[in-house]
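Student: All I have is the shape, not the residue letters:
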C-alpha cells in the first residue's frame, strides 16, 4: 500500500556553527491510509518540531518528506501554501476558532478557502456536523459553547475537506477528562468510519491509547515504536506507561 506520509532520513538543526542544536536526528517512518498514529516523547524530544516539519510550518535541514507521493521539501512557498490547504487538516490544543464567525461559518471557512461551490458548502458542513454531533450548534458562536464542543468543531473543520492527513497537536490538552475522552472517541470514530489518516502528537498516555500505533522519540531520534494489534485499550495503555518509564519522560493522562 502506498504511504500517505513518508519521512526519509529527516534532520532539523537550529543555531549556527558555534552552537548547533539537533532537534531531529535522522528519523524515517511511513504512515499508510487509514492509520491513527501517535507520536510521544519527553519534553524537548523533538516531537513538536517533527509535527511542524510535516505540517509545512517549518523546513527540514536534510532529508525528504512525501505526502501522497509529493515531496514537500522541494516545494516553493506558494506551492506549499496551496498544498497545505488541499491536503492537510489541523486540530490544535487551543482550537483556533474565530469568535466573530458562527460554528457553521468556522467549519465552512475551510471549504470557502478551497473554492468549493457555495451550493455544496452548507450540505458538506451539515453532514460532518451531524456526524460529530454538533449540528444543533451551527448557529452559535464559539464563545457560546464548551471547550469539548469547540474541539469537535475544530475536528469538523479539519475533516470537512477530506484531506489526505489530519495533524493533531495535543488536542486534549485544554480539556477536562470527560471532554477529552469524548473527543478521543470522536477522533477514533472518524478514523474507523471515514478511514481518516491521523497523526497525533501527545504527552498523554490515555490519549495515546486510542491510537493504532505509537512512535516514541527521544533526543531527536526514534526510540521505539509500539503497535496496538489485538490488545485492549487498557492493555495498550499499560504498555505505553511502561515505555514512557523507560524513556525517562513525563507521564500524562493517567486515568
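Tutor: Received the coordinates, thanks. If you're wondering where the values come from, they're calculated on a predicted model, not measured in any experiment. Residues are numbered from 1 along each chain as shown.
Student: Low-confidence regions, the stretch 51-200 of the chain specifically.
Tutor: Along the stretch 51-200 of the chain, no part satisfies pLDDT under 70.
Student: how many other residues sit next to the nearest residue to residue 34 once chain neighbours are set aside?
Tutor: Distance criterion C-beta to C-beta, 6 or more residues apart in numbering; nearest residue to residue 34, sequence neighbours excluded, is residue 195 at 4.1 Å. Glycine gets a C-beta too; all of them are placed from N, C-alpha and C. For residue 195, the number of neighbouring residues by other C-beta atoms under 10 Å comes to 10.
Student: One more: residue 226?
Tutor: Residue crowding around residue 226 was assessed by other C-beta under 10 Å; the count is 19.
Student: Strand partners (parallel or antiparallel) of the helix or strand encompassing it?
Tutor: According to DSSP states H and E, residue 226 maps onto strand 221-227. Note on strand 221-227: by DSSP bridges, its sheet partners are strand 213-218 (antiparallel).
Student: So which bits of the partner strand are buried?
Tutor: For strand 213-218, the neighbour count (16 or more other C-beta atoms under 10 Å) marks 214, 215, 216, 217, 218 as buried.
Student: Kindly indicate which of those lies nearest residue 244.
Tutor: For these, the residue nearest residue 244 by C-beta to C-beta is residue 216; the value is 8.0 Å.
Student: now that closest one, nearest residue through space, not along the chain?
Tutor: Residue 216 sits nearest to residue 223 (C-beta to C-beta, 6+ apart), 4.3 Å away.
Student: where along the chain do the helices fall?
Tutor: With DSSP state H as the criterion, the chain has helices at 47-54, 77-87, 103-113, 118-131, 147-159, 177-193, 205-208, 233-247.
Student: Tell me which of those is the most buried.
Tutor: Per residue and on average, the most neighbours among the helices of the chain fall to helix 205-208, with a mean of 26 (mean count of other C-beta atoms under 10 Å).
Student: Which neighbouring elements make contact with it?
Tutor: Secondary-structure packing of helix 205-208 (3 or more C-beta pairs under 8 Å, 6 or more residues apart in numbering; DSSP states H and E): strand 36-40, helix 177-193, helix 233-247.
Student: for that helix, what is the average pLDDT?
Tutor: Here helix 205-208 scores 95 as its mean pLDDT.
Student: can you check stretch 35-44 too?
Tutor: Mean pLDDT, stretch 35-44: 92.
Student: in that stretch, what's buried?
Tutor: Within stretch 35-44, the residues scored as buried using 16+ other C-beta under 10 Å are 35, 36, 37, 38, 39, 40, 41, 42.
Student: Residue 199 is nearest to which of the helices and strands packed on helix 205-208?
Tutor: Among the helices and strands packed on helix 205-208, the nearest to residue 199 by C-beta to C-beta is strand 36-40 (4.8 Å).
Student: how far off helix 47-54 does the closest one point, in degrees?
Tutor: Orientation of strand 36-40 against helix 47-54 (axes from the mean of the first three to the mean of the last three C-alpha atoms, to 10 degrees) gives an angle of 130 degrees.
Student: Need the residues that contact strand 36-40.
Tutor: Strand 36-40 is contacted by residues 31, 47, 50-51, 187-188, 191, 197-203, 205, 207-208, 210-217, 240, 244, 247 when judged by C-beta atoms under 8 Å, 6 or more residues apart in numbering.
Student: Direction included, what does it pair up with?
Tutor: Take DSSP bridges as the rule and strand 36-40 pairs in its sheet with strand 198-201 (parallel), strand 213-218 (parallel).
Student: Give me the contacts around the shortest one.
Tutor: Taking C-beta under 8 Å, 6+ apart as the criterion, the residues outside strand 198-201 that touch it are 5, 31, 35-40, 47-48, 50-51, 54, 165-171, 187, 190-191, 207-208, 211.
Student: buried ones in stretch 56-66?
Tutor: Buried, per 16+ other C-beta under 10 Å, within stretch 56-66: 56, 58, 60, 63, 65, 66.
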